[in-house]
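J.: no FASTA, just this:
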């Protein structure tokens, strides 16, 4: 990213919004959706943790229920156990078991996408889709390393089987230019530039490139509350935003009044800037003086 702050302009947008008494999404154009579709991206490999050994499948039900309580109606489930955590075939079969448990628990109408972190190959991806033909996957994220011809093959397969799943990719890329061949060939449907790597300007650039090709964006965001709030303001300022990624983060010192999730949609306050504040009393309680330098 160009400029002295590179991808770190979020504080400036916040300051500008407060000075102008406008939310950041209005400064960015405000042409997006009123409420932002989100998904819970926290459904990982609980079955591999020793504390859940005796109730591995029930643990996934618990995690889904926690997501429901937070207002989610869409979930991203990690697959790819056979790429590093288990023998390949055993891992694949466990992926299938977990997906079946989650779909049965959720019911047919809840949105479910999967993310393999490049742990599958093209044939294994097809096998999964054929083994679960009625699953109705919403999106397939990073099923295998990016390859235009393989994605063309997968798109052909999806069409032949009348499957509506979108192909999503791009979270590991360090340069926006890497996306251009996939945008030009439309072999990826949803581009996932990392929110904190590219910052507000970078994701807006990605959105502009994708919009002209009829494609969508869904910024990758993991382990960052600030990144989540940035996503929401971008979603309210562009027309081709797919879903925001949310994971169950919380810090008592950050006050985010007006942000909420209900029925899978996030509300964004019209407060100046990002509408975020520090609870100074709680923040002060966490400060520890390790030494006092006196002259």
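T.: Happy to help now that I have it. In this text the structure is predicted, and so the values were computed from the model without any measurement.

J.: low-scoring stretches of the stretch 151-295 of the chain, by residue?
T.: In the predicted model of the stretch 151-295 of the chain, residues 286-287, 289, 291-295 satisfy pLDDT under 70.

J.: same thing but 90
T.: Counting by pLDDT under 90, the stretch 151-295 of the chain contains low-confidence residues at 222-224, 247-256, 277-295.

J.: who's in contact with stretch 147-161?
T.: Identification of contacts with stretch 147-161 by Cβ atoms under 8 Å, 6 or more residues apart in numbering yields 122, 125-126, 129-130, 133, 140, 143-144, 163-165, 167, 181-182, 185, 187-188. Glycine gets a C-beta too; all of them are placed from N, C-alpha and C.

J.: Residue 85 and residue 79 touch, don't they?
T.: No - under the criterion of Cβ atoms under 8 Å, residue 85 is not in contact with residue 79, lying 10.8 Å apart.

J.: ok, those two, which is more surrounded?
T.: residue 79 (26 against 14; other Cβ atoms under 10 Å).

J.: Contacts only, for the more buried one.
T.: Contacts of residue 79 were listed using Cβ under 8 Å, 6+ apart, and they are 95, 98, 99, 114, 115, 116, 119, 120, 128.

J.: The residue nearest to it when sequence neighbours are not counted - how many residues pack around it?
T.: Excluding its sequence neighbours, the residue lying closest to residue 79 (Cβ to Cβ, 6 or more residues apart in numbering) is residue 95, at 4.2 Å. When counting by other Cβ under 10 Å, one arrives at 26 neighbours for residue 95.

J.: what helices or strands is the helix or strand harbouring residue 95 leaning on?
T.: Under the criterion DSSP states H and E, the helix or strand holding residue 95 is helix 88-106. Here helix 88-106 touches helix 56-69, strand 74-78, strand 111-115, helix 122-131, going by 3 or more Cβ pairs under 8 Å, 6 or more residues apart in numbering; DSSP states H and E.

J.: so what secondary structure elements neighbour the last one?
T.: In this structure, helix 122-131 packs against helix 88-106, helix 148-160, with contacts taken as 3+ Cβ pairs under 8 Å, 6+ apart.

J.: Just the buried residues of the last one, please?
T.: So that's helix 148-160. Going by neighbour count (16 or more other Cβ atoms under 10 Å), the buried part of helix 148-160 is 150, 151, 153, 154, 155, 158.

J.: Kindly give a single ChimeraX line that selects the buried subset of the contacts of stretch 147-161.
T.: This is the ChimeraX syntax for the buried subset of those, where burial follows 16+ other Cβ under 10 Å:
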select :122,125,126,129,140,143,144,163,165,167,182,187,188
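
J.: Which of the contacts of stretch 147-161 fall in helices?
T.: In this view, the contacts of stretch 147-161 that belong to helices under DSSP state H are 122, 125, 126, 129, 130, 181, 182, 185.

J.: Looking at the residues you listed, which one is closest to residue 204?
T.: The shortest approach to residue 204 among those belongs to residue 182, at 18.4 Å (Cβ to Cβ).

J.: Would you agree that closest one is in contact with residue 167?
T.: No - in this structure, residue 182 is not within contact of residue 167 by Cβ under 8 Å, at 9.3 Å.
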